[in-house]
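S.K.: Let's see this in three dimensions:
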Amino acid sequence: MAAHEFTASENLRFATLAHRMRITSLLLVALAALVIALSAEALHSLWWAGPPGARFGILAVAGLVLAMVLAVLARWIHRAASSFRAVVDTSGADVSHAMTALRALGRSLRVLEAAALASLALTVLAGIAHLR
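M.R.: As a prediction, this is how the structure comes out:
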């Protein structure tokens with residue numbers, strides 16, 4: 001049985017998607033770096049403000065966790081982009097590359113879903129604590 005090959009039009013869609021995903025992963029890395037810098041500034045403020053600046057420590061920890069999530073997302077999105085690009089660049093394994101890309105994309109979405117749920121829960125808890 002011959003391996004399935006996508007058409008030129010379909011390959012163009014895969015190439016465009018791979019390109020956009022790579023740009024997205026680079027933007028996520030840049031955002032993670034910015035969040036790390038802001039977290040470092042928050043830790044610096046905590047150091048100089050002492051106990052009254054405890055909120056800066058909380059912001060720093062939250063920022064570092066966010067940066068880690070962004071970095072993991074960037075890595076998996078980049079991997080998925082590479083697999084989508086492999087669909088275009090190789091022959092004989094289009095379906096295999098597409099399935100690998102979909103698995104990596106699925107992992108990225110699961111991380112994003114977990115981060116969104118955790119953020120929602122923490123926001124609700126912070127709101128409840130603020131009302132007391």
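S.K.: Using the three-state scheme, assign Ala121.
M.R.: Look at Ala121: counting by DSSP: H, G, I helix; E, B strand; the rest coil, its state is helix.
S.K.: Could you count how many residues lie near Arg20?
M.R.: 13 (other CB atoms under 10 Å). Using the backbone N, CA and C atoms, a C-beta is placed for each residue, glycine as well.
S.K.: for it, phi and psi?
M.R.: phi -60, psi -40 (degrees, to the nearest 10).
S.K.: Can you get me a residue count around Leu131?
M.R.: 6.
S.K.: any idea how far Met68 is from the closest residue to Ala104 other than its chain neighbours?
M.R.: Of all residues not flanking Ala104 in the chain, Ala80 sits nearest, at 3.7 Å (CB to CB, 6 or more residues apart in numbering). Using CB to CB, to the nearest Å, Ala80 is found at 19 Å from Met68.
S.K.: Averaged pLDDT, the helix or strand hosting the residue nearest to Ala104. What do you get?
M.R.: According to DSSP states H and E, Ala80 maps onto helix 54-89. Averaging pLDDT along helix 54-89 yields 89.
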